[in-house]
Every structure is written in structure tokens, then in C-alpha cells.
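Undergrad: I would like to see how this sequence folds:
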Amino acid sequence: MSVSQLFVVPPQQSNFLSHRVQSDETADGGEVVDYTLGDEELAYLCAAVGDTFGHTLGDEELLNNDMYEDFSDSELSRNDEFAHWHWLEQIDGDASVGGNLVAVCDAKLIRRAHIRRTFWSEMAEPSEETSDLGFELFDRYGRLSREHYDHKIGKGSGAWGEELNHGDMLLFESLHVERSRRHQGIGTKIVNAILDKVRAKSDNFFAFVGPGYLTRDMVGEGDRKEYSEMAEELSTISLRFWRSLGFRRVGTSSWLAFTDNDSHPSRRLTAGEDWDPLEQSKEKEPLPEAIQTVFNTLSYPSASDAECVRQIQEAFPGEEGAAPHSYTDKDGNTILHSAADGRKAETIAWLRAKHPSLTDVRNAWGHTPLEALQSSLEKHRTRRRAGMPISVALDRFEGFSQPDIASLAALTGTEIFDLTKLSDQDISAVSSAADDAVSRVPKITTIRHTLRLKYGCTCGECIGGFLSPRMHFALLCQAEHRHDLLTADLDAKGPAWVASHGLELDHLALPVRENLNTNKSMRQGFTRMCGHIARCLREKRVPDEEAVLESFRNQRSEWPPVTKNYLQRGGTVAAVATMLFDRAMRWDEWAGDGIHLDAHGGHVKTLPVCRNDREFGFVSGMCGYKRVSMIQHVDMFGRERVY
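TA: Numbers count the residues shown, from 1 in each chain. As a prediction, this is how the structure comes out:
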């Protein structure tokens, strides 16, 4: 790893890096002046490689740091705590005056393309800031979350969009300038110097920062209110500083971004036009006791819907037609938001009936009650947080709970079915029912809707609630392609066939795989299994083992009985199906190398987009197979975990 550090931070100064960002902006919000210090207090900016140098360079040396290029990667790695992350380059900075350190900056250059397939898992590791950036702004593949550019409120100014899906990322984690040296342009010079350093390394990058303040600047012994006001003032100063450098907010998030592209919309947006949250009243009246009790009760998991409704009726007597919009908590949540957060389905239904306009009220984050619930469920689906790092839970998702489903249905005013009354065979039959059967039996539509709520479908077409049209097509393409590819080579000698198709055979037990070397019937059976899975998919059925075997048995008698021979000698449906899921994942344009889109992009674009399109591990698991993943999960003994 080549580690290049600008303005080296000596280890003894690590206490400066206690929080995220501190600016050297003026308190009155004015522009940062590019102030030039006098000769006696000229601040030299260090530029060196590795974090053990305390050398302060002169002006000429600053422009040419080739003197350090003879240090090897191994020498640098010993001094770089982030050296084992090949995709991350630490770029630190400091400024000294008269030999005294007066400013420090901590930044990281992230080569996103190197971690695209495992973006969240990688970003969760190095620091809390990399984790927050990865999870708060992007999805599992490093793409900007749609909420930040496609949501009516969440897009903020609308300056940022899908261009943030690509390129390297420069993360400014902390910047601190000593109090006596602020308002002299030192912070601006350090940031610009780091930007210049990165420009020489990357021709396509975006810089990110989450403005904040250092707790060490919270001086004095004031009360909680004074501290709150001080924190707000420091945050405002920090925000103004970064905006003065051209950084603009991404949607309505807490993050700002910067691009070198002069024609980008963010560069035409003045600091005053950038999005900011609405100011909340600092002297907001406390909620009446009865209404506060309602909010409290809605948050109790043990509170019954009957009790919640009773308290709401008592708190709002005689208000049958008027919605209690004016009563919200500190985050702008109404009682309907709180009922949704507490998964009180019957209370939600009662509120929608009595106060339907509450469904359109947005909280401080711009979410309606339905959107707030969906956002909460998405976080539950994707991650687990118990300290650091965050655990990525996507591939272990098994569907939302019954209270989750009931609350979603209540907020959308739709009917759901009790799935506990159905067997796996019933669900399979409902999922693959023909259109004429659906029109004759309305209950089928209700069951399908319930399954789609349970498994997070957003396209309204997922088979079984989880197999989206795009993933269905990707699997079908793989099944047909692998069948044809394996068939074309069946006349080859056994060892040559096995060696040629090692990737396809990777999920077979070793004894079965060795048997393929000498048993052509088994090779034919493995190949035919790809065809059986393809047939099952064409019938629009979930390709679980039972459905695939049923599809095989419903054919005309197979002769010679190669599939039967394959199964009797230890071959499995799972070995073939898991291979197809794995190959589909590795050919995906975001999870893999993009071969599928290159070959079938025209048809793919005609299919609806769904939240489940690229959840290969989740869908393979729901089909009863190993949950495929680009991340290898191992236990403490190095053994692979299978979910």
C-alpha cells in the first residue's frame, strides 16, 4: 500500500482528533480570509510520507516532496494503522508556527471501486466516521440512497444525484485550529492543500464532511441550556466554514459534499440557497400532560391498542373531525407517527379513520408516518448496531414480523392475510397461480400482497413476496446459459469436463464431484438439473427444492434416467441452485462484473425496479439454499458460516 500523508500529525497530538470537525470560520459567518502571516510567524505546511516525521518544510520543499519517495510500502505500513485496508489511504495534515503545532486535520481517501461488492462491511471497520458515511448516505454497493435524491423532501436542494454513485471518496474526519490562530485562513489552506494532494492521485473524486465541533471547545460551567446554545453556535460556525469552501449538503442529511466539476449544480448553489432544516422553536411549550401520556404509552411495547385508543379519546375529546396536528414531539412526530413506531396496528387504523389527514403530516426528517415506518424497517433489515463496528444483516433477513406487516397494512389501508394459516405448499401454489385463478379467488391477491409486505417488495410483482422480476430473469438466464454450456461439453472425457467446469461444480460434496470424473450419467444429471430449474422459473414458481423436483416429476419420463441417477448418487438440487444464485450475483452490474447487463441490458430495463433486485443472499436463503454472499462469513475457528 502506498501511504501518502500531507501535514503529518505526530502521535502525541492524537488528542486533537477527539471529534469530527472544527472550523476556523469567523463567528459572524464572514468569509475566511486568506491571511498571510508575517516572516517571523510564517506557518510552514508539512508534506511528508509516513506518520513518524516531524519535519517542517520550507516553501521550496513544500512544492517538492520527492525526498521521501525512497521509503518502501513495508516501512510505511508499520507506521500506518490503516495499512491493511488496501482501499484506504490516510492523508493527515498539520500546520506549525515557530515550531509549535497550531492546526491538525485527519482525512481519508477511499477507493470505492475496490470495495464496491462489500462496501458496507468494509466501511464499517476503519473508524466511526467511515462507518457513518457509508451507512448514512449509501446503500450496500456504495450507491447514494434514493432518499437523498429522489424523495420529495429528502432530496433537499436537489443538487446531488446519482453522480455520487461513482468515483473515489475523500472523507474529512476532523479539522482543528488552535483558538489563538483562528481567522487567519490556516484551516482553509490545509483543506485546499489536501484537496490538491488528492487531485494528483484521483481524476474523479467527491469530498465529504459531517460538520461538527470539538467537545474541548465547550468551555465554562454553564447549565444544560447554555451548553446547548454553545454547541449550536459552534456547529453553525463549522457549517459556514465548509460552505465557504464550496461544500453543499447532500439531500437533507447531516453530510456535505464537494466536487471539482465547475458545471455541477452544487457549484451554482450559493451558501444561502443550500438546504437547512427548519429551525425549531427553542421555547416550545411542553405538551399537555394527557397528550404526553399518549406519546409515552404508544412507545411501550406492552401497551395494548385498546389502552392507546382510550387515552387518545380522552386526550382529544369531541375532536372527531379535527386532526391534532399541532401536538408533536421534539422530532415533529405526530401521534400517528408514534403509533407506527410502536407497531400499534389497531391504533393506526383507528387514527386513520378518525383523522385521515394525519397520514400526510411530515416530521422533522420529512417523513410521513408510512415513510418513517418504512425507514425504520429498512434499518432493521440491513444492519445491527451494538457498539462498533456496525454488523451488516442484509443477507440474514427472513422477513418482517407480523406487527410490522399489520402496521404497514394499516397505514396503507389494505387488507392482509394471516400467513400462519398457510403451509409452504399453499404459499407456493398461490405464488404461481395463473391469472384466471387469481381473478376467481380474490384471497390469492390478498395473500400475495401480504407476502410482499413481509419480504420488503417494492415493485408489487415479487414471486413469493421476494423473487423480483429482475432477479427472476437473471436466474433464468443463468439456468439456461449453464445448461447449454454444460451440454455442449458432455462429449468430453470426464476429468476434462470436471476441470473445465470447476466453478459450476463448486457446491457439490467432494465425493460426488469426484464421481463425475468417471460417471457420464451423473454429469448429464447435473446438467439436466439446470434445465429443471429453468423450467420451474418459466412457470413463475419459487425455485425451491420441492418445486424443482415437482417440475422434474411432471415431465414425460426421462430416459435414460440421468436426473434420478444424479440424485441417488448424492447429487442435490441445492448444489445446482446455489451455483446459479452465485453466478447471477457475480454477473450483476453492482454485486459483480456486469456481464448480465452487458448481454441483456435492453430487456432488463423493461422490468420494474424492486428493493429485492440484488439481495441474492436473502433470496437464495428464502428458497432454502445457502445464502450466497460476496463476503465470506467465518467463525472463530475459520470455518465458513452458512446462514
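Undergrad: could you report the neighbour count for the residue nearest to K201 when sequence neighbours are not counted?
TA: In space, and not counting its chain neighbours, K201 is closest to L109: 6.7 Å by CB to CB, 6 or more residues apart in numbering. Bear in mind the C-beta positions are built from the backbone N, C-alpha and C, glycine included. Using other CB atoms under 10 Å, the number of residues around L109 comes to 21.
Undergrad: how about the one 5 residues further on?
TA: A count of neighbours around H114, defined by other CB under 10 Å, yields 15.
Undergrad: tell me if the residue nearest to K201 really is in a strand.
TA: Yes: counting by DSSP: H, G, I helix; E, B strand; the rest coil, L109 is part of a strand.
Undergrad: so how far is S439 from it?
TA: Per CB to CB, to the nearest Å, L109 is found 58 Å from S439.
Undergrad: quick check: S263 vs L358, distance?
TA: Taken as CB to CB, the span from S263 to L358 is 43 Å.
Undergrad: so W365 is in which element?
TA: Per DSSP states H and E: W365 is located in neither a helix nor a strand.
Undergrad: next, count neighbours for it.
TA: Each residue near W365 was counted by other CB under 10 Å, and the total is 17.
Undergrad: same check, this time on H472
TA: Applying other CB under 10 Å, we find 21 residues neighbouring H472.
Undergrad: the helix or strand in which it is found packs against which elements?
TA: Using DSSP H and E, H472 sits in helix 469-488. Contact partners of helix 469-488 among helices and strands, from 3 or more CB pairs under 8 Å, 6 or more residues apart in numbering; DSSP states H and E: helix 520-538, helix 573-587, helix 595-604.
Undergrad: distance from the chain centre to the next helix or strand after the longest one, please.
TA: Read that as helix 520-538. Counting by DSSP H and E, the next helix or strand C-terminal to helix 520-538 is helix 545-553. Here the centre of helix 545-553 is set off from its chain's centre by 36 Å, with CA atoms, centre = their mean, to the nearest Å.
Undergrad: may I see the buried residues of the very next helix or strand once past helix 545-553?
TA: Once helix 545-553 ends, the next helix or strand along the chain (criterion: DSSP H and E) is helix 562-568. Residues of helix 562-568 classed as buried by neighbour count (16 or more other CB atoms under 10 Å): V562, T563, N565, Y566, L567.
Undergrad: also stretch 92-105?
TA: Those would be D92, G93, D94, A95, S96, V97, L101, V102, A103, V104, C105, for stretch 92-105 by 16+ other CB under 10 Å.
Undergrad: okay, and the beta partners of the last one?
TA: Using DSSP bridges, the beta-bridge partners of C105 come out as G93, L175.
Undergrad: I figured it hits K197, correct?
TA: No: counting by CB atoms under 8 Å, C105 does not reach K197; the two are 11.3 Å apart.
Undergrad: which other residues reach stretch 492-506?
TA: Applying CB atoms under 8 Å, 6 or more residues apart in numbering, the contact partners of stretch 492-506 are 482, 485-486, 489-490, 513, 516-520, 523, 526, 575, 579, 582-583.
Undergrad: which residues touch the most centrally placed residue in the chain?
TA: By CA atoms, centre = their mean, the chain has its centre lying nearest to D139, at 2.7 Å. Listed by CB under 8 Å, 6+ apart, the contact partners of D139 are F119, S145.
Undergrad: do that again at 6 Å, thanks
TA: S145 (CB atoms under 6 Å, 6 or more residues apart in numbering).
Undergrad: quick check: P211 is in a helix.
TA: No: the assignment for P211, made by three-state DSSP, is coil rather than a helix.
Undergrad: phi first, then psi, for it.
TA: Per-residue torsions, P211: phi -50, psi 140 (degrees, to the nearest 10).
Undergrad: which non-adjacent residue is nearest it?
TA: Spatial nearest neighbour of P211, excluding adjacent residues (CB to CB, 6+ apart): S238 at 4.2 Å.
Undergrad: just checking, that neighbour touches V209?
TA: No: between S238 and V209 no contact is recorded; they are 9.0 Å apart, counting by CB atoms under 6 Å.
Undergrad: between those two, which is the more surrounded one?
TA: Set side by side, S238 and V209 show more neighbours around V209, with 29 against 23, by other CB under 10 Å.
Undergrad: surely that one meets F172?
TA: Yes: contact criterion CB under 6 Å: V209 and F172 qualify, at 4.3 Å.
Undergrad: mean pLDDT, distance to S180 and mean neighbour count added to the helices and strands packed on helix 469-488, as a markdown table?
TA: Below are those laid out as a markdown table (pLDDT from 0 to 100; distance: least, CB to CB, whole Å; neighbours: other CB atoms under 10 Å):
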| stretch | mean pLDDT | distance to S180 | mean neighbour count |
| --- | --- | --- | --- |
| helix 520-538 | 97 | 70 | 23 |
| helix 573-587 | 98 | 56 | 24 |
| helix 595-604 | 97 | 57 | 14 |
